[in-house]
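Colleague: Just to be clear, the model below is a prediction. Sequence and coordinates:
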Amino acid sequence: MREKVKEWIEKAEKDLRAAKILYNEGIHDYTLFHVQQAVEKYLKAFLTLHNIPFRKTHDITYLIEICKKIDKEFETLYRIGADKLYPIGTLVRYPSPYKISKEEAKEAIEIAEKVREFVLKKLGIKEG
């Protein structure tokens with residue numbers, strides 16, 4: 001189980017790193033996509049640690065709700081805006097009317113960093 005949790009975290013970390021690189025290159029739509037992916041994977045790592053099954057999904061609200069059944073403090077993720085990243089984070093991969101500004105992309109990265117810090121703490125993983 002621990003190995004699978006580690007794999008989810010590693011993938012989440014890569015998505016967050018990719019988001020930052022894309023942001024610095026001015027590619028804001030894909031910044032948002034990778035931020036959404038990172039948040040999703042941090043949540044899936046927490047669920048995996050607790051051996052809680054989840055369906056194949058990108059829906060962050062759905063994942064937060066399952067996490068809240070284990071730990072009510074996951075309500076905090078709504079206050080920081082994690083749920084705002086879906087569905088727009090997945091829709092921007094395709095031609096759409098959504099145009100993501102530099103400010104929106106920066107805010108999304110900040111949200112993901114807060115989710116990262118919160119989940120890693122819950123997992124007992126020291127940041128580094």
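Modeller: On my side now, so go ahead.

Colleague: looking at the protein, which helix or strand is least sure?
Modeller: When the helices and strands of the chain are compared on mean pLDDT, DSSP states H and E, helix 88-91 comes out lowest with a mean of 86.

Colleague: Now the element after it, going C-ward?
Modeller: Using DSSP states H and E, the next helix or strand after helix 88-91 towards the C-terminus is helix 102-123.

Colleague: ok, for the most centrally placed residue in the chain, nearest residue in space, not its chain neighbours?
Modeller: What sits nearest the mean C-alpha location of the chain, by C-alpha atoms, centre = their mean, is V39, with 0.6 Å. Residue nearest to V39 in three dimensions, not counting chain neighbours: V115, with 4.9 Å by C-beta to C-beta, 6 or more residues apart in numbering. Every C-beta, even on glycine, is put in place using the N, C-alpha and C of the backbone.

Colleague: quick one: contacts for that neighbour?
Modeller: Residues in contact with V115 (C-beta atoms under 8 Å, 6 or more residues apart in numbering) are A38, V39, Y42, L43, L77, I80, A82.

Colleague: now swap in R2 and tell me
Modeller: Remark: with contacts taken as C-beta under 8 Å, 6+ apart, R2 is in contact with L49.

Colleague: next SSE after whichever strand or helix holds the residue nearest to the centre of the chain?
Modeller: Counting by DSSP H and E, the element that carries V39 is helix 28-49. Sequence-wise, the next helix or strand downstream of helix 28-49 (DSSP H and E) is helix 60-70.

Colleague: thinking again about what came up before, quick check, the residue nearest to the centre of the chain in contact with A82.
Modeller: Yes: with contacts defined as C-beta atoms under 8 Å, V39 counts as touching A82 at a distance of 5.5 Å.
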